[in-house]
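>>> Predicted model and sequence follow; I will ask about them next.
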Amino acid sequence: MVRPNSRRSWRRATLAAGALSLLAATSARAQDSFFRRLNVDNLEIQSLGVAFGRILPSQVVPANLVALQGDYGNILPAWRVVFGASYWESRLQDDVVQAFADSLQKSLNDPADHVVASPIRIYDVTFSVDARYTPQYNGWIKPFGGVGVAAHVVNAEGKLIKGTFVERSLDDIAAGLYATGGVSVQLLPHFGVEASARGDLLSGFRSTQVKIGAAYILGHRRETGGDGGGPGGASSEARARSMSR
């Protein structure tokens with residue numbers, strides 16, 4: 001014979017399981033609707049580009065920079081997703097290194113010992129993704145602005161810090177935020193140029209960079225919503241279809 005308490009416990013467990021199932025189904029539908037609105041399923045590589053520029057990191061000597069980027073198309077009308085990777089190498093500024101050497105000198109017990117300042121090299125590989133807003137209109141020249149996240153792989157080398165905790169603290173993989181803006185010009189149906197500026201913010205590290213580069217457009221750029229803008233865009237395709245009728 002089943003006891004009343006057991007029946008109540010079984011009913012509560014059944015109701016809880018049903019509520020969890022309903023919540024999971026609702027959450028799944030909400031996520032599916034969210035990703036549908038973002039047009040994630042339709043993202044695909046639309047252009048590939050290479051750029052060269054100059055970067056001005058904090059406490060580091062300005063350096064040359066090389067970057068690659070891929071445009072994956074729209075997630076919302078006028079908003080595009082762009083993935084990128086960049087590399088630069090430089091060294092800490094002389095006054096920064098000297099200040100560090102002086103601090104070590106003060107900690108020595110024997111005044112006869114002397115700490116010699118030597119260059120500390122810095123290497124940075126960055127992987128990034130940003131969402132860019134570009135006004136939708138027909139035209140060859142389009143400004144853009146966006147925000148993104150980046151992963152920095154930083155390595156430091158130098159005789160002064162070799163094998164110390166300072167080297168280990170400078171060697172880091174860290175995430176940061178950045179803002180970017182610029183202008184792109186589509187010169188030919190499959191070729192364009194871009195000039196941009198970007199500011200990165202990382203824990204204890206800031207940098208500003210300017211770049212100019214070229215991109216190869218793979219077919220026609222597909223736009224989500226609006227008239228598509230730009231030569232080779234959705235509006236150009238529509239005009240071509242109407243003329244062929």
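It's in.
>>> What ranges does the protein have for its strands?
All strands of the chain, identified by DSSP state E, fall at 47-57, 63-76, 79-91, 121-133, 141-157, 172-188, 191-202, 205-217.
>>> For the last one, buried residues please.
Going by neighbour count (16 or more other Cβ atoms under 10 Å), the buried part of strand 205-217 is 205, 207, 209, 211, 213, 215, 217. Where C-beta positions appear, they are placed from N, C-alpha and C, glycine not excepted.
>>> domain parsing for this structure?
Residue ranges of the domains in the chain are recorded as 1-37, 46-244, according to automatic domain parsing.
>>> Please produce a markdown table containing these, extended by mean pLDDT.
Output for the domains of the chain, formatted as a markdown table (pLDDT from 0 to 100):
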| stretch | mean pLDDT |
| --- | --- |
| domain 1-37 | 48 |
| domain 46-244 | 85 |
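>>> Deepest-packed of these, please.
Mean neighbours per residue, mean count of other Cβ atoms under 10 Å, is largest over the domains of the chain for domain 46-244, with a mean of 16.
>>> Could you check how far that domain is from the centre of its chain?
8 Å (Cα atoms, centre = their mean, to the nearest Å).
>>> In contact with the spatially most central residue of the chain, which residues?
The centre of the chain sits closest to Ser128, judged by Cα atoms, centre = their mean, with a distance of 2.4 Å. With contact set as Cβ atoms under 8 Å, 6 or more residues apart in numbering, Ser128 has these partners: 83-86, 148-151, 178.
>>> repeat that for 7 Å
Applying Cβ atoms under 7 Å, 6 or more residues apart in numbering to Ser128 gives the contacts 84, 148-150, 178.
>>> what are the bridge partners for the residue nearest to it when sequence neighbours are not counted, then?
Leaving aside its chain neighbours, Ser128 sits nearest to Ala150 (3.8 Å; criterion: Cβ to Cβ, 6 or more residues apart in numbering). In this entry, Ala150 is beta-bridged to Ser128, Gly176, by DSSP bridges.
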